[in-house]
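Enquirer: What follows is a predicted protein model with its sequence.
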Amino acid sequence: MAVNIEDIKRLKSLTGVGLTDAKAALEEANGDFDKALEAMRKKGLTKAEKRGEREARAGVIGNYNHDGRIGVLVEVNCETDFVARNDVFTDFVKDVAMHIAAAAPQYVSVEDVPADEREKVEKEFTEKAKADGKPENMIDKIVEGMVKKHFAEKCLLDQPFIKNPDLTMGAYIKEHNAKLGENIVVRRFSRMVLGEIS
């Protein structure tokens with residue numbers, strides 16, 4: 001089946017694959033652009049996960065200021081200066097900083113949560129589950145689910161992306177890993193609110 005050259009170019013720009021791969025994906029999907037995009041994203045994300053093991057030490061410190069009341073500084077790393085200067089990367093960093101301003105995460109990922117805070121929350125939820133009369137043999141499972149949900153709201157990578165709540169920030173980062181062909185890491189951030197002392 002003949003596929004539209006505009007669709008091929010569009011698929012290439014959205015996924016970061018070559019023209020030949022984009023054309024093949026469209027042919028495989030019988031010209032259905034959305035189906036082809038989904039297939040390419042799956043392939044791209046698989047490659048992106050492998051890239052996650054590569055060292056990311058280049059990058060930028062991005063910022064976002066909301067009405068002079070909320071300010072964010074964020075360090076986002078990639079593998080090369082070439083990508084760090086790329087417009088797609090720069091826009092991505094702005095999106096990350098804006099998300100942090102709006103969603104107020106406390107940590108980058110669940111691995112960054114201090115052990116004592118995690119233990120404190122687990123203890124609280126265990127006591128609550130017992131007080132609610134949950135079956136003893138189910139308490140550990142229930143508490144595990146409650147703790148996971150509690151920290152998902154506080155960890156950047158687990159939060160729904162403010163511009164597209166169907167995607168977590170972790171998935172949004174993986175999409176850009178695939179698009180830019182490099183490992184991208186949100187290293188750290190600082191969020192300040194006027195009049196608040198952290």
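Expert: Now that the structure is in, tell me what you want to look at. Numbering: from 1, shown residues only.
Enquirer: what's near enough to touch Val110?
Expert: Residues in contact with Val110 (C-beta atoms under 8 Å, 6 or more residues apart in numbering) are Phe151, Ala152, Cys155, Leu157, Asp158. No exception for glycine: its C-beta is placed from N, CA and C like everyone else's.
Enquirer: The one helix or strand in the chain whose mean pLDDT sits lowest: what's the following helix or strand?
Expert: For the chain, using mean pLDDT, DSSP states H and E, the weakest element among its helices and strands is helix 33-51, scoring a mean of 65. Using DSSP states H and E, the helix or strand that follows helix 33-51 in sequence is strand 58-66.
Enquirer: strand partners of that following strand, parallel vs antiparallel please.
Expert: Strand 58-66 pairs in its sheet with strand 70-78 (antiparallel), by DSSP bridges.
Enquirer: Now the partner strand: buried residues?
Expert: For strand 70-78, burial by neighbour count (16 or more other C-beta atoms under 10 Å) applies to Ile70, Gly71, Val72, Val74, Glu75, Val76, Asn77, Cys78.
Enquirer: in this protein, which spans are helices?
Expert: Remark: helices assigned in the chain by DSSP state H are 5-15, 19-28, 33-51, 81-84, 87-103, 115-131, 139-152, 169-180.
Enquirer: Nearest approach to Leu194 belongs to which of these?
Expert: Nearest of these to Leu194, taken as C-beta to C-beta: helix 87-103 at 12.1 Å.
Enquirer: List of residues touching the closest one?
Expert: 60, 62-64, 66, 70-74, 76, 78, 83, 156, 159, 161-163, 169, 172, 176, 179-180, 184, 186, 189, 191.
Enquirer: Flag every buried residue along it.
Expert: Phe89, Phe92, Val93, Asp95, Val96, Ala97, Met98, His99, Ile100, Ala101, Ala103.
Enquirer: quick check, nearest of these to Lys128?
Expert: Ala103 (25.3 Å).
Enquirer: how close does the closest one get to Arg191?
Expert: Ala103 is 10 Å from Arg191, where distance means C-beta to C-beta, to the nearest Å.
Enquirer: All set, thanks.
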